[in-house]
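1. When you get a sec, could you give me coordinates for this:
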Amino acid sequence: MVISDEIEKMQYKRELFIKMLLMFRAGAMQQLGVIDNPVSGQKEIKLDIARETIDMIDMLAEKTEGNLIEQEKELLDSLLTELHLLYVKIEEQEKKEPEQ
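-> This is a model prediction of the structure:
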C-alpha cells in the first residue's frame, strides 16, 4: 500500500510539473500576441514580459537538469525551442513594422 501511495504521489508531481510548463507556455504565447489576452480579448505583444517568461523556463530547465524523466525533458526542450523561435520571429516583425 505504501509503495502504491508513493507511485501515485510521484505521478501526481509529474502531472503538476507538466501543467506548470504548459501554464508558462500559455503565458508566453499570450505575451507574444499569439493568443488573446483573456481580460481584454485582444492580442497584445509584450516582448519584454515574454522574454522574462522564457528566461524563467530556461532557468527551470537549468535547475532541473538531471532530475527529469525523459517525457518531462522532451516537453521542456520542445517548449523552449518553440518559444525561442517564436520570440525571434515576433521580435523581427515588430522591428519591421515601424518601417512599413
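2. drop to CA atoms for contacts and neighbour counts, all remaining ones
-> Will do.
3. Determine the number of other residues adjacent to residue 82.
-> Using other C-alpha atoms under 10 Å, residue 82 has 12 other residues around it.
4. and the gap between it and residue 42?
-> Residue 82 is 22 Å from residue 42, where distance means C-alpha to C-alpha, to the nearest Å.
5. List the buried residues for stretch 70-86?
-> 73, 76, 79, 80, 83, 86 (16 or more other C-alpha atoms under 10 Å).
6. Looking at those residues, which is nearest residue 34?
-> Proximity of these to residue 34 (C-alpha to C-alpha) peaks at residue 86, which lies at 9.2 Å.
7. Give me the mean pLDDT for stretch 21-41.
-> Average pLDDT, stretch 21-41: 95.
8. Please export the alpha-carbon coordinates of that stretch; PDB is fine.
-> As requested, the backbone C-alpha atoms of stretch 21-41 are provided in PDB (Å, rounded to 0.1, in the frame of the first residue of the first chain):
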ATOM      1  CA  LEU A  21       5.200  24.000 -18.100                       C
ATOM      2  CA  LEU A  22       2.000  24.400 -20.100                       C
ATOM      3  CA  MET A  23       0.900  27.300 -18.000                       C
ATOM      4  CA  PHE A  24       4.200  29.100 -18.600                       C
ATOM      5  CA  ARG A  25       3.800  28.300 -22.400                       C
ATOM      6  CA  ALA A  26       0.300  29.800 -22.400                       C
ATOM      7  CA  GLY A  27       1.500  32.900 -20.700                       C
ATOM      8  CA  ALA A  28       4.400  33.300 -23.200                       C
ATOM      9  CA  MET A  29       2.100  32.700 -26.100                       C
ATOM     10  CA  GLN A  30      -0.200  35.400 -24.800                       C
ATOM     11  CA  GLN A  31       2.700  37.800 -24.200                       C
ATOM     12  CA  LEU A  32       3.900  37.200 -27.800                       C
ATOM     13  CA  GLY A  33       0.400  38.000 -29.200                       C
ATOM     14  CA  VAL A  34      -0.300  34.500 -30.400                       C
ATOM     15  CA  ILE A  35      -3.400  34.100 -28.200                       C
ATOM     16  CA  ASP A  36      -5.800  36.600 -26.900                       C
ATOM     17  CA  ASN A  37      -5.400  38.200 -23.500                       C
ATOM     18  CA  PRO A  38      -8.400  36.700 -21.600                       C
ATOM     19  CA  VAL A  39      -9.100  40.100 -19.900                       C
ATOM     20  CA  SER A  40      -9.100  42.400 -22.900                       C
ATOM     21  CA  GLY A  41     -10.000  39.800 -25.500                       C
END
